[in-house]
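Novice: Here is my input; please provide its structure:
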Amino acid sequence: MARKSPAEKLEDLLLVTRAWEMLRPARSFFGHTLERFKQAIQPSLDARAEIEDLQGRLRLAILKRNAADVRSFRILRGVVYSVQGDPAEGGDGELYVAMGRVPWRARGRPRMRTRRRTRRGGGGR
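Specialist: Numbers count the residues shown, from 1 in each chain. All right, here's what the predicted structure looks like:
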(Lines give C-alpha, C1' and ligand atoms only; values in the text may rest on other atoms or scores of the structure.)
Protein backbone atom coordinates (compact mmCIF):
# COMPACT_ATOMS: atom_id res chain seq x y z
CA MET A 1 0.00 0.00 0.00
CA ALA A 2 1.37 3.39 -0.98
CA ARG A 3 1.93 6.09 1.57
CA LYS A 4 -0.27 9.15 1.51
CA SER A 5 0.97 12.47 0.23
CA PRO A 6 0.67 15.55 2.44
CA ALA A 7 -2.29 16.68 0.30
CA GLU A 8 -4.05 13.35 0.82
CA LYS A 9 -3.42 13.53 4.56
CA LEU A 10 -4.96 17.02 4.69
CA GLU A 11 -7.93 15.77 2.70
CA ASP A 12 -8.45 12.96 5.25
CA LEU A 13 -8.24 15.36 8.20
CA LEU A 14 -10.79 17.70 6.67
CA LEU A 15 -13.09 14.88 5.53
CA VAL A 16 -13.26 13.31 9.00
CA THR A 17 -13.78 16.71 10.63
CA ARG A 18 -16.64 17.65 8.26
CA ALA A 19 -18.33 14.25 8.65
CA TRP A 20 -18.08 14.42 12.43
CA GLU A 21 -19.43 18.00 12.47
CA MET A 22 -22.41 17.13 10.28
CA LEU A 23 -23.43 13.73 11.60
CA ARG A 24 -22.36 13.34 15.24
CA PRO A 25 -21.18 16.70 16.65
CA ALA A 26 -22.13 15.83 20.23
CA ARG A 27 -20.42 12.42 20.38
CA SER A 28 -16.89 11.77 21.55
CA PHE A 29 -14.61 9.19 19.98
CA PHE A 30 -11.28 7.83 21.18
CA GLY A 31 -11.58 10.08 24.20
CA HIS A 32 -11.91 13.24 22.08
CA THR A 33 -14.83 15.56 21.65
CA LEU A 34 -15.14 17.33 18.32
CA GLU A 35 -13.58 20.52 19.73
CA ARG A 36 -10.73 18.61 21.36
CA PHE A 37 -10.10 16.77 18.07
CA LYS A 38 -9.96 20.07 16.20
CA GLN A 39 -7.45 21.39 18.74
CA ALA A 40 -5.38 18.22 18.40
CA ILE A 41 -5.12 18.47 14.59
CA GLN A 42 -4.62 22.26 14.53
CA PRO A 43 -0.78 22.01 14.58
CA SER A 44 -0.95 20.01 11.32
CA LEU A 45 -3.16 22.65 9.73
CA ASP A 46 -0.96 25.47 11.04
CA ALA A 47 2.20 23.83 9.70
CA ARG A 48 0.59 23.44 6.27
CA ALA A 49 -0.43 27.11 6.27
CA GLU A 50 3.11 28.10 7.23
CA ILE A 51 4.58 25.96 4.44
CA GLU A 52 2.21 27.54 1.93
CA ASP A 53 3.24 31.02 3.09
CA LEU A 54 6.94 30.14 2.93
CA GLN A 55 6.57 28.67 -0.57
CA GLY A 56 4.93 31.88 -1.74
CA ARG A 57 7.69 33.95 -0.15
CA LEU A 58 10.32 31.68 -1.73
CA ARG A 59 8.79 32.13 -5.19
CA LEU A 60 8.80 35.90 -4.68
CA ALA A 61 12.41 35.85 -3.45
CA ILE A 62 13.47 33.81 -6.50
CA LEU A 63 11.81 36.34 -8.82
CA LYS A 64 13.59 39.19 -6.99
CA ARG A 65 16.91 37.36 -7.24
CA ASN A 66 16.50 36.73 -10.96
CA ALA A 67 15.66 40.38 -11.64
CA ALA A 68 18.62 41.54 -9.54
CA ASP A 69 20.92 39.08 -11.34
CA VAL A 70 19.98 40.58 -14.71
CA ARG A 71 21.04 44.01 -13.50
CA SER A 72 24.12 42.72 -11.67
CA PHE A 73 25.43 40.72 -14.60
CA ARG A 74 24.94 43.65 -16.97
CA ILE A 75 27.24 45.66 -14.68
CA LEU A 76 29.63 42.72 -14.25
CA ARG A 77 29.93 42.31 -18.02
CA GLY A 78 30.71 46.02 -18.36
CA VAL A 79 33.39 45.83 -15.66
CA VAL A 80 35.05 42.81 -17.26
CA TYR A 81 34.97 44.42 -20.72
CA SER A 82 36.41 47.59 -19.20
CA VAL A 83 39.29 45.66 -17.62
CA GLN A 84 39.86 43.84 -20.90
CA GLY A 85 39.94 47.11 -22.81
CA ASP A 86 42.11 48.98 -20.32
CA PRO A 87 45.62 49.50 -21.75
CA ALA A 88 47.19 49.02 -18.30
CA GLU A 89 45.36 45.73 -17.65
CA GLY A 90 44.21 44.21 -20.93
CA GLY A 91 42.96 40.78 -21.87
CA ASP A 92 46.24 39.16 -20.80
CA GLY A 93 46.53 40.96 -17.46
CA GLU A 94 46.65 39.50 -13.99
CA LEU A 95 43.35 41.10 -12.94
CA TYR A 96 41.55 39.71 -15.99
CA VAL A 97 42.79 36.18 -15.19
CA ALA A 98 41.93 36.61 -11.47
CA MET A 99 38.37 37.44 -12.56
CA GLY A 100 38.14 33.92 -13.95
CA ARG A 101 38.55 34.86 -17.59
CA VAL A 102 40.79 33.10 -20.14
CA PRO A 103 43.67 35.36 -21.17
CA TRP A 104 44.22 36.00 -24.85
CA ARG A 105 47.65 34.34 -24.78
CA ALA A 106 46.11 31.08 -23.55
CA ARG A 107 43.47 30.91 -26.26
CA GLY A 108 44.40 28.49 -28.96
CA ARG A 109 44.26 29.36 -32.59
CA PRO A 110 41.54 27.63 -34.53
CA ARG A 111 42.82 24.44 -36.04
CA MET A 112 42.79 24.11 -39.78
CA ARG A 113 40.84 21.08 -40.87
CA THR A 114 42.46 18.93 -43.42
CA ARG A 115 40.46 17.98 -46.43
CA ARG A 116 39.57 14.39 -46.83
CA ARG A 117 40.63 12.87 -50.05
CA THR A 118 37.84 10.96 -51.64
CA ARG A 119 37.96 8.69 -54.59
CA ARG A 120 35.59 9.54 -57.28
CA GLY A 121 34.59 7.10 -59.89
CA GLY A 122 36.44 7.78 -63.10
CA GLY A 123 39.19 10.35 -62.96
CA GLY A 124 41.25 10.84 -59.89
CA ARG A 125 41.91 14.28 -58.58
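Novice: so how far is residue 10 from the spatially most central residue of the chain?
Specialist: To find the centre residue of the chain, average its C-alpha atoms and take the closest one (C-alpha atoms, centre = their mean): that gives residue 62, at 7.8 Å. In this structure, residue 62 lies at 25 Å from residue 10, with C-beta to C-beta, to the nearest Å as the measure. The way it works is simple: take the backbone N, C-alpha and C, and place the C-beta from them, glycine included.
Novice: and what of residue 36?
Specialist: Residue 36 sits 20 Å away from residue 10 when distances are taken as C-beta to C-beta.
Novice: Comparing these two, which residue is more hemmed in?
Specialist: Residue environment comparison for residue 36 versus residue 10 gives the larger neighbour count to residue 10, 15 against 11, counting by other C-beta atoms under 10 Å.
Novice: Show the backbone phi and psi for residue 29.
Specialist: phi -130, psi 140 (degrees, to the nearest 10).
Novice: Neighbours of residue 37, how many?
Specialist: In terms of burial, residue 37 registers 19 neighbours under the definition other C-beta under 10 Å.
Novice: One more: residue 95?
Specialist: Based on other C-beta under 10 Å, the number of other residues close to residue 95 is 14.
Novice: ok, and the closest non-adjacent residue to it?
Specialist: Once its chain neighbours are removed from consideration, residue 95 has its nearest residue in residue 89; the separation is 5.2 Å (C-beta to C-beta, 6 or more residues apart in numbering).
Novice: May I see the buried residues of stretch 20-32?
Specialist: Across stretch 20-32, burial judged by 16 or more other C-beta atoms under 10 Å covers residue 20.
Novice: Report the distance from whatever helix or strand residue 61 lives in to the chain centre.
Specialist: According to DSSP states H and E, residue 61 maps onto helix 34-85. Taking C-alpha atoms, centre = their mean, to the nearest Å, the mean C-alpha location of helix 34-85 is offset from the chain mean by 10 Å.
Novice: by contact count, what packs against it?
Specialist: The helices and strands touching helix 34-85, judged by 3 or more C-beta pairs under 8 Å, 6 or more residues apart in numbering; DSSP states H and E, are helix 6-23, helix 94-98.
Novice: Tabulate those (a markdown table), appending distance to residue 55.
Specialist: As requested, the helices and strands packed on helix 34-85 are arranged in a markdown table below (distance: least, C-beta to C-beta, whole Å):
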| stretch | distance to residue 55 |
| --- | --- |
| helix 6-23 | 12 |
| helix 94-98 | 39 |
